[in-house]
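Engineer: I'll drop the sequence and a predicted model, then ask my questions.
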Amino acid sequence: MLRGSLLPLLVWAGAAGFVCFVYYPIVAVVLGGLFTLSLIAGFGLRRRAGHSVRCSVYGAMGGVLDKSMAGF
């Protein structure tokens, strides 16, 4: 179970590291910003739907990681 929950985070971190090494560090910052923006948007949508703060945090994180791993 731990491996399945850490895999998306490792993929995001690996992609950021690869992009930073190949292109430029600012591109990795943009990738991190995209992740953060997706997380904030998911949190906001769940809060508007009436979920608790805790549920919104967990759901937003799970949703972002789930959608980012859809191709694997």
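Structural biologist: Structure's in. What do you need?
Engineer: List the contacts of Arg47.
Structural biologist: 53, 56 (CB atoms under 8 Å, 6 or more residues apart in numbering). The C-beta positions use only the backbone N, C-alpha and C, and glycine is treated the same way.
Engineer: That one: which element?
Structural biologist: helix 25-48 (DSSP states H and E).
Engineer: hey, which helix or strand in this structure has the poorest pLDDT?
Structural biologist: In the chain, no helix or strand scores lower on mean pLDDT, DSSP states H and E than helix 2-22, which sits at a mean of 75.
Engineer: what sits up against that one?
Structural biologist: For helix 2-22, the external contacting residues (CB under 8 Å, 6+ apart) are 27-28, 31-32, 35, 65-66, 68-69, 72.
Engineer: ok, then the element right after the helix holding Arg47?
Structural biologist: Downstream of helix 25-48 (by DSSP H and E), the next one is helix 53-68.
Engineer: Show me what counts as buried in that next one.
Structural biologist: By neighbour count on 16 or more other CB atoms under 10 Å, the buried set for helix 53-68 is 56-57, 59-61, 63-65, 68.
Engineer: okay, these in a markdown table with pLDDT and distance to Arg48 next?
Structural biologist: Output for those, formatted as a markdown table (pLDDT from 0 to 100; distance: CB to CB, whole Å):
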| residue | pLDDT | distance to Arg48 |
| --- | --- | --- |
| Ser56 | 89 | 9 |
| Val57 | 85 | 14 |
| Gly59 | 88 | 12 |
| Ala60 | 87 | 12 |
| Met61 | 84 | 17 |
| Gly63 | 85 | 14 |
| Val64 | 83 | 17 |
| Leu65 | 79 | 21 |
| Ser68 | 74 | 22 |
